[in-house]
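Asker: Attaching a predicted model along with its sequence, questions to come.
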Amino acid sequence: QVQLVESGGGLVQAGGSLRLSCIASGRTFSVYDMGWFRQAPGKEREFVAAISRISAYYSDSVKGRFTISRDNAKNTVYLQMNSLISDDTAVYYCARRLRGSTWPGGIDDYGYWGQGTQVTVSS
């Protein structure tokens, strides 16, 4: 069973930065694509970013402000968030993409999820 554990969330002022981390269990982390999603209060969960072994993909709302990266030696995927705005307030989830699914995919293309970490941006 794969376990994903996020950390790094918190309260930050608008314009500030945070770096989220997600550690995955298992020995085959490097072969899987990973993604970050978020869910704001009263809204549906939405795609934020995804990373494969060779490329990354971002939603339009975070492109140029967020950077996804991975360290396969540490079984960890990161989300560096800069120039944060109040609309970025949400619970952030990391997830592992199902092999053979659409790239970068949506919620249904990811089979394992972390418990989430809260990011609150104050204006």
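Answerer: Arrived safely. Worth saying up front: this structure is predicted, and the values here are computed from it rather than measured.
Asker: Following the helix or strand bottoming out on mean pLDDT in the chain in sequence, what is the next regular element?
Answerer: Least confident helix or strand of the chain, by mean pLDDT, DSSP states H and E, is strand 110-113 with a mean of 95. Counting by DSSP states H and E, the next helix or strand C-terminal to strand 110-113 is strand 117-122.
Asker: which of the residues in that following strand are buried?
Answerer: T117, V119, V121 (16 or more other C-beta atoms under 10 Å). Where you see a C-beta, it was placed from the backbone N, CA and C, and this is true even at glycine.
Asker: And for V48, the neighbour number?
Answerer: Look at V48: counted by other C-beta atoms under 10 Å, it has 24 neighbours.
Asker: Counting neighbours, what do you get for the spatially closest residue to it that is not a sequence neighbour?
Answerer: Once flanking residues are discounted, V48 sits nearest to W36: 4.3 Å by C-beta to C-beta, 6 or more residues apart in numbering. Neighbours of W36 under the rule other C-beta under 10 Å: 26.
Asker: Which other helices and strands does the least confident helix or strand of the chain contact?
Answerer: Packed against strand 110-113, as judged by 3 or more C-beta pairs under 8 Å, 6 or more residues apart in numbering; DSSP states H and E, are the following elements: strand 90-97.
Asker: who does the strand it packs on pair up with?
Answerer: strand 34-39 (antiparallel), strand 110-113 (antiparallel), strand 117-122 (antiparallel) (DSSP bridges).
Asker: before we move on, the earlier item: tabulate the buried residues of strand 117-122 (CSV), appending distance to N75.
Answerer: Output for the buried residues of strand 117-122, formatted as CSV (distance: C-beta to C-beta, whole Å):
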residue, distance to N75
T117, 17
V119, 22
V121, 28
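Asker: residues contacting the residue nearest to V48?
Answerer: Counting by C-beta atoms under 8 Å, 6 or more residues apart in numbering, W36 touches L20, C22, V48, A49, A50, I68, V77, L79, Y92, Y93, C94, A95.
Asker: and which of those is nearest P41?
Answerer: Nearest to P41 among the contacts of W36: Y92, at 13.4 Å, using C-beta to C-beta.
Asker: Count the residues that sit near the nearest residue to the closest one once chain neighbours are set aside.
Answerer: Distances taken as C-beta to C-beta, 6+ apart place R38 nearest to Y92, at 4.8 Å, with adjacent residues excluded. For R38, the neighbour count with other C-beta under 10 Å is 24.
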